[in-house]
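[1] Structure for this input, please:
(one chain, ligands or ions: 2)
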Amino acid sequence: MQLSFAGVILFLAGYSCGLAAPELTGPGEVSRPLGESVSVQCQYRERYQGNSKYWCRGAVWSSCHTAVKTTGSEAEAKGDRVSIRDNHRLRTFTVTMETLTLGDAGIYWCGISKFGFDPGVPVKVTVLPGYFSALAAPALTAPREVSGPPGGTVSVPCHYGKTAQGSPKYWCRGAQWNSCSKVVETERSEVKVKRGRVSITDSHSTSTFTVTTENLTLEDAGIYWCGINIKGGGDPYFLVNVTVLPGESLL
Ligand SMILES: *[C@@H]1O[C@H](CO)[C@@H](O)[C@H](O)[C@H]1NC(C)=O
Ligand SMILES: *[C@@H]1O[C@H](CO)[C@@H](O)[C@H](O)[C@H]1NC(C)=O
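    Ligands and ions are numbered 1, 2, ... in the order given. Model (predicted):
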């Protein structure tokens, strides 16, 4: 099996705080070509819905510089070529950095303001010049862990490179990527496809497809993959660990 770029990212990916129920998770690393934009999605626990979220730059968490910050609402906040938007229902906030320059490369953090220690998760942003741009195009990122209560709904946003816009996107289940079974797949378009409790919708304008599972059961917990069906093979993929937590209240 060819080790794809997303697989390498997954392997090298950073850490999040706490193993069983992470406070905050992010993609670990993202790579985009020079001049393009990058979106980073970080997923947080329900208890932080109303907290202010931010994007901070610097190798060291305690001394990083905040680039952009929400007020705790879902309103988009904007800085210089960077914006942040929170989605309380999906418990995800998305940071978009536009028109990447080589100087934008470095270590950033998704952070949440709270009383006491702020949860933070590092994200390495790599900007690829010239030739290597083509290699980065099909990269795929998603939250590495998502969770929901039994009976609830969980949505996973999978973000892809622009060149994959017209390709079918899918959601696959199984511990191993090369033997997983497809749960649901789009038909190249933005039309929502539904199989039982699971639906998938692609949005070309935001380069994101979203997989939503409704009426969660304990059996839905497991390892899944966001994948893109690339003509000629070499599908990019990204592992997502879905947990169903009996302790969590319904949204
Ligand atoms: C998935 O998450 C569960 C619960 O947090 C954990 O026990 C398990 O090791 C995780 N699996 C992988 C492959 O990350
Ligand atoms: C989820 O459960 C509710 C209540 O049992 C039911 O009305 C609804 O159709 C279910 N949704 C799906 C997608 O199965």
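[2] what's the neighbour count on the closest residue to ligand 2 within the stretch 51-200 of the chain?
    Distances between the stretch 51-200 of the chain and ligand 2 by CB to the nearest ligand atom are smallest at Arg197, namely 4.5 Å. Backbone N, C-alpha and C define where each C-beta goes, glycine included. For Arg197, the neighbour count with other CB atoms under 10 Å is 14.
[3] now swap in Val30 and tell me
    23.
[4] mind checking pLDDT for the residue nearest the centre of the chain?
    A centroid search over the chain (CA atoms, centre = their mean) returns Ala142, at 2.7 Å, as the residue closest to the centre. Looking at Ala142, its pLDDT is 90.
[5] Verify the stated contact: it with Phe238.
    Yes: between Ala142 and Phe238 a contact is recorded at 4.8 Å, counting by CB atoms under 8 Å.
[6] what's the overlap in contacts for these two?
    Jointly contacting Ala142 and Phe238 under the rule CB atoms under 8 Å, 6 or more residues apart in numbering are 158, 226.
[7] Excluding covalently adjacent residues, which one is nearest to the residue nearest to the centre of the chain?
    Cys158 (4.3 Å; CB to CB, 6 or more residues apart in numbering).
[8] which residues touch that neighbour?
    140-142, 169, 208-211, 226, 238, 240.
[9] Emit the ChimeraX select command for whichever of these are buried.
    In ChimeraX, a selection of the buried entries from these looks like this (16 or more other CB atoms under 10 Å):
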select :140,141,142,169,208,209,210,211,226,238,240
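[10] With secondary structure added, can I get the contacts of Cys158 in a markdown table?
    Listed next are these as a markdown table, based on DSSP: H, G, I helix; E, B strand; the rest coil:
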| residue | secondary structure |
| --- | --- |
| Leu140 | strand |
| Thr141 | strand |
| Ala142 | coil |
| Lys169 | strand |
| Thr208 | strand |
| Phe209 | strand |
| Thr210 | strand |
| Val211 | strand |
| Cys226 | strand |
| Phe238 | strand |
| Val240 | strand |
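[11] Mind putting the contacts of Cys158 into CSV with distance to Pro119?
    Formatted as CSV, the contacts of Cys158 follow (distance: CB to CB, whole Å):
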residue, distance to Pro119
Leu140, 25
Thr141, 19
Ala142, 19
Lys169, 30
Thr208, 24
Phe209, 27
Thr210, 24
Val211, 25
Cys226, 24
Phe238, 22
Val240, 20
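[12] Could you list which of the contacts of Cys158 also contact ligand 1?
    Contacts with ligand 1 are made by none of the contacts of Cys158, judged by CB under 6 Å from any ligand atom.
[13] Next one: the closest residue to ligand 2 within the stretch 151-251 of the chain, what pLDDT does it get?
    Residue of the stretch 151-251 of the chain nearest ligand 2, by CB to the nearest ligand atom: Asn215 (3.7 Å). Reading off the confidence values, Asn215 has pLDDT 96.
[14] My guess is it contacts Ser199. True?
    No: the criterion here is CB under 8 Å, and Asn215 misses it with Ser199 at 11.9 Å.
[15] circling back: who are the contact partners of the residue of the stretch 51-200 of the chain closest to ligand 2?
    213-215.
[16] 10 Å - rerun?
    Arg197 makes contacts with 153, 183, 212-217, 220, as judged by CB atoms under 10 Å, 6 or more residues apart in numbering.
[17] Could you do Trp225 as well?
    Contacts of Trp225 by CB under 10 Å, 6+ apart are 6, 140, 142, 158, 170-174, 176-177, 180, 182-183, 235-240.
[18] can you tell me the helix or strand for it?
    Assigned by DSSP states H and E, Trp225 belongs to strand 222-228.
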